[in-house]
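[1] Structure of the sequence below:
(2 chains)
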Amino acid sequence: DTAVSQTPKYLVTQMGNDKSIKCEQNLGHDTMYWYKQDSKKFLKIMFSYNNKELIINETVPNRFSPKSPDKAHLNLHINSLELGDSAVYFCASSQQPPSSYEQYFGPGTRLTVT
Amino acid sequence: QKEVEQDPGPLSVPEGAIVSLNCTYSNSAFQYFMWYRQYSRKGPELLMYTYSSGNKEDGRFTAQVDKSSKYISLFIRDSQPSDSATYLCAMREWGGSEKLVFGKGTKLTVNP
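    Predicted structure coming up:
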């Protein structure tokens, strides 16, 4: 019955590797997001998709590439991982605006780059 | 100046205390104001939402927005140990970019 799920929950990898994080929501929402939460707990939006269309693309290195195969899934691929990419990555979903203030977050993926 | 400022704390109070959490912001276009609660090693969850200025009450929680001062507050009455979490304020403009802008969060511990 998980509303927003992410895999994996933990990811430990070396600098320079490429990795993917997957997200799925079963709430029937049209909009999905990726957020990054750094070590100081600051939560910042990275991307947003509405019905598989990219609508928010914050200033994020182009090593990060989101992909939405359908409106229930939003994956995040990261190339050439760097130490500074270590953080917790949250996926979220919401109904379309103006109800997009209520976002449902997944449990997070804790990425550690060594 | 960051768009949303929030004192990260930590804040430690005894059970039963009244807790006041605050955020200030600089973007006058913000119209939607939210409080999210995040337990340790979990994703944030929406606690309260208000639109424009005024107060909103939900059980032990009261959200207050003062747009003239660009200041929002969350009050928790009769605080419980289960309220121990990080509280993040978030804001959004009307129309335009639909993104939420979060404060850094205030870590609250309620001691039994």
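[2] The residue of chain B found nearest chain A: helix or strand, and which one exactly?
    Closest to chain A within chain B is B:G43: 3.1 Å, counting by CB to the nearest CB. Using the backbone N, CA and C atoms, a C-beta is placed for each residue, glycine as well. Per DSSP states H and E, B:G43 falls between elements, in no helix or strand.
[3] A:I56 is in contact with A:W34, isn't it?
    No: when contacts are counted by CB atoms under 8 Å, A:I56 is not listed as touching A:W34 (9.6 Å).
[4] list residues touching both of the two?
    Shared contacts of A:I56 and A:W34 (CB atoms under 8 Å, 6 or more residues apart in numbering or on different chains): A:45, A:47-48.
[5] Include secondary structure when you put those residues into JSON lines, please.
    Output for the shared contacts of A:I56 and A:W34, formatted as JSON lines (DSSP: H, G, I helix; E, B strand; the rest coil):
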{"residue": "A:I45", "secondary structure": "strand"}
{"residue": "A:F47", "secondary structure": "strand"}
{"residue": "A:S48", "secondary structure": "strand"}
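[6] Those residues also near chain B: which ones?
    By CB under 8 Å from any CB of the partner chain, the members of these lying near chain B are A:45, A:48.
[7] any idea which of the shared contacts of A:I56 and A:W34 is closest to B:D7?
    Using CB to CB, A:I45 comes nearest to B:D7 of the shared contacts of A:I56 and A:W34, at 21.8 Å.
[8] Give me the nearest residue to the closest one, chain neighbours excluded.
    Among residues not flanking A:I45 along the chain, B:K99 sits closest, at 5.0 Å (CB to CB, 6 or more residues apart in numbering or on different chains).
[9] tell me the contacts of the one you found?
    Taking CB under 8 Å, 6+ apart, we find B:K99 in contact with A:45, A:48, A:56, A:58, B:92.
[10] for chain A, what are the nearby residues on chain B?
    B:8, B:32, B:34, B:38, B:41-46, B:49, B:86, B:88, B:90, B:92, B:94-95, B:97-100, B:102, B:104-105, B:107.
[11] Report the beta-bridge partners for the residue nearest the centre of chain A.
    Closest to where the C-alpha atoms of chain A average out (CA atoms, centre = their mean) is A:W34, at 2.9 Å. In this entry, A:W34 is beta-bridged to A:F47, A:C91, by DSSP bridges.
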